[in-house]
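*Asks:* A predicted structure for the sequence below; I have some questions about it.
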Amino acid sequence: MATTKTGSKSGSKKNATKAATKSATKAAPKAAPAAAENIHTRAFTASMSSVKALELRCEADEANLLAKIISMELGEDDGQDVTVADFEDDETTLLGELTIEEFKTDTDRQSIKAIHKTQGDTFLFEGKAFIKNNPTNVLVFRDKE
Amino acid sequence: MRKIHLSLLLSIVALATGCPKYKPSVDFKDRASFVNKVNEHLKAKQAQYISVLGSNPAMAKTIRNELIEDALPYIDDAYLDYVTDLQAGRDRANFVADLIELGTTAAVGITNGERPLQILGVALTAFRGGRRSADLNFYKEQSTPILINKMDDNRAKVREAILRREKSDVDIYPMGAAIGDIVEYYNAGTLVRAFTQLSKDTAAEAKASEDKVRKLKGVPITEETTQEFRDLSVPAGRILTQLGLDLNSGDQTKIEAATKKMQQIVAALEKDTDAAAVLKAADVSSTDTDGVNLRRGLVKVRRSAAEANNNDLLNTINQAIVDNGR
């Protein structure tokens, strides 16, 4: 199958079509209706070791849920700190890889966005996540195919 | 009659002016004042903390939390006095000049390093900030309840963060950060911070939900995953998506090929005891000749396994998809 990728994220050629990526990112809403049937809410551990680990987690979940990530925020699950991520069903798009970047200042945010824009990546949303139990600002991008 | 009018006028003036000159309860020249009380408390606890830090981190954590919880009532008392006077509307002209803000930046830099006790003193040495005219004008345009509400809101946010961080060990949330938070808690109850926050709230980029925490109940907490798990999940997901596209393409050749692959995937899974039980419960069988139905059932099973963090089942399903769905 021409559109299947089996290699690891770091070294593999991204081979889904551009059209698929555009379709995947175009409709990404900023906020998710949490109770909707087509939304899967996931609670990630607050002790996530790095932004890269969070990225792997999100990509695996997108693949296994056949859904695209639409938001990420801080939360509590039965009183325990978690990163809450919402995924919206999408069974018709061959989703590209994700890149999640940490930022601390508004300048960081603007420059990271600018860098990814020049690379042709698509900005999905801004959110917050717990990394090593610390709240962290993140920007989520869909990589250019 | 004139005497009556004069008496009435004097009475009104006396009542309207209220109490004589309001002074903030924080007097930095008084050793028994708020700042000195807090500083003495911090010094004592910091000494205890350092003495057990290397040998007993759990005890150090307890001391750190005691330091925080014992210091906050001092700040709450000062805040209560402050707000009470603000509500009474006493001496608005003077209190602006008496506003104070603690040196947050100094406190943030505190670590377990050298001369911590001296640094603590610096950290909680307040300075009287000169008010910018912009702040003064802003204040005049706001009603006191709005400002007090904003200070309450700011303080609640910092308090929430402190309570959350107190759960962390000392290597993640060291004494320096704890003192930084105490100072931040104080600053959150100042008009300076209320002005700043109100301005920020109205700024275009400010988000109302900035510090909100979403509450969940009973959602399984998901741990980190491995590169291997991700590298099997992603191609399996893409194969399943492609099969879906083929099944809905309207092209009979593609539909037949995709249906055959779906049957092969399910047949492979039926050989696995655990997967077979799940498929049976979901009424998914390789004898089904409806490819769309087969795929729908498999997607449902796979999603349920993902939401339950059943990685073993997911790996089994994904391997069957990769092996039979290409």
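*Replies:* Looks like it came in fine.

*Asks:* and the residue in chain A positioned nearest to chain B, what element?
*Replies:* The nearest approach of chain A to chain B comes at residue A:63, 3.1 Å away (Cβ to the nearest Cβ). The way it works is simple: take the backbone N, C-alpha and C, and place the C-beta from them, glycine included. Element membership of residue A:63, judged by DSSP states H and E, is helix A:51-65.

*Asks:* helices of the stretch 51-200 of chain B, residue ranges please.
*Replies:* Applying DSSP state H, counting those that start in this stretch to the stretch 51-200 of chain B gives helices spanning B:57-88, B:92-95, B:104-108, B:116-123, B:133-141, B:144-165, B:175-188, B:191-202.

*Asks:* for the last one, what is the average pLDDT?
*Replies:* When pLDDT is averaged over helix B:191-202, the result is 67.

*Asks:* which helix or strand lies directly C-terminal to that helix?
*Replies:* strand B:214-216.

*Asks:* tell me which strands that next one pairs with, and in which orientation.
*Replies:* Within its sheet, strand B:214-216 is paired with strand A:67-77 (parallel), according to DSSP bridges.

*Asks:* now the partner strand: average pLDDT?
*Replies:* Averaged over strand A:67-77, pLDDT sits at 95.

*Asks:* would you mind listing the buried residues in stretch B:273-281?
*Replies:* Judged by neighbour count (16 or more other Cβ atoms under 10 Å in any protein chain shown), stretch B:273-281 contains these buried residues: B:275, B:278, B:279.

*Asks:* ok, the first one touching residue B:265?
*Replies:* No - using Cβ atoms under 8 Å, residue B:275 is not in contact with residue B:265, being 10.5 Å away.

*Asks:* mutual contacts of the two, please.
*Replies:* Contact criterion Cβ atoms under 8 Å, 6 or more residues apart in numbering or on different chains; residues shared by residue B:275 and residue B:265: residue B:320.

*Asks:* so which residue of the stretch 201-326 of chain B comes closest to chain A?
*Replies:* Per Cβ to the nearest Cβ, residue B:237 is where the stretch 201-326 of chain B lies closest to chain A, at 3.1 Å.

*Asks:* is it true that that residue touches residue A:66?
*Replies:* Yes - Residue B:237 lies in contact with residue A:66 (Cβ under 8 Å); the separation is 6.0 Å.

*Asks:* which one of the two is surrounded by more residues?
*Replies:* For the pair residue B:237 and residue A:66, the greater number of neighbours falls to residue B:237 (28 against 23), based on other Cβ atoms under 10 Å in any protein chain shown.

*Asks:* so for that one, what's the pLDDT?
*Replies:* Each residue has a pLDDT score; the one for residue B:237 is 97.

*Asks:* skip the chain neighbours and tell me the closest residue to it.
*Replies:* The shortest distance from residue B:237 to any residue other than its chain neighbours is 3.1 Å, reached at residue A:63 (Cβ to Cβ, 6 or more residues apart in numbering or on different chains).

*Asks:* is it true that the one you found touches residue B:241?
*Replies:* No - counting by Cβ under 8 Å, residue A:63 stays clear of residue B:241, with 9.1 Å between them.

*Asks:* out of those two, which sits in the more crowded spot?
*Replies:* Neighbour comparison, residue A:63 and residue B:241: the larger count goes to residue A:63, with 27 against 24 (by other Cβ under 10 Å).

*Asks:* how about the secondary structure of residue A:124?
*Replies:* With DSSP: H, G, I helix; E, B strand; the rest coil as the basis, residue A:124 sits in strand.

*Asks:* count the residues that sit near it.
*Replies:* 22.

*Asks:* with residue B:297 instead?
*Replies:* Residue neighbour count, defined by other Cβ under 10 Å, stands at 19 for residue B:297.
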